[in-house]
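Enquirer: mind looking at a prediction? Sequence and model below.
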Amino acid sequence: MHTRLVGKGLRILAFPCNQFGGQEPWAEAEIKKFVTEKYGVQFDMFSKIKVNGSDADDLYKFLKSRLHGTLTK
């Protein structure tokens, strides 16, 4: 999707999170290296954050408050 639509202005913002089955336990640099080498990822990669719970990142708190049901159960 990114490859097809980046020329039309699509930006994918990736925020690694280890709260979904422990699939991203590594440091951010290791995650970026892995997804770049294995999948050819070229989109923006940000710091690892938490998206659930009381210590969820403010960005995800905001998104959840605005996108009712889309990012929650």
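Expert: Yep, that arrived.
Enquirer: now the element after the helix or strand of the chain with the lowest mean pLDDT, going C-ward?
Expert: Among the helical and strand segments of the chain, the one scoring lowest on mean pLDDT, DSSP states H and E is helix 2-5, with a mean of 86. Using DSSP states H and E, the helix or strand that follows helix 2-5 in sequence is strand 13-14.
Enquirer: other SSEs contacting that following strand?
Expert: Under the contact criterion of 3 or more CB pairs under 8 Å, 6 or more residues apart in numbering; DSSP states H and E, strand 13-14 touches strand 44-45. No exception for glycine: its C-beta is placed from N, CA and C like everyone else's.
Enquirer: ok, and for the helix or strand following the strand it packs on, which residues are buried?
Expert: Downstream of strand 44-45, the next assigned helix or strand under DSSP H and E is helix 58-66. By 16 or more other CB atoms under 10 Å, the buried positions in helix 58-66 come out as 60, 64.
Enquirer: what's the average pLDDT for helix 58-66?
Expert: Averaged across helix 58-66, pLDDT comes to 91.
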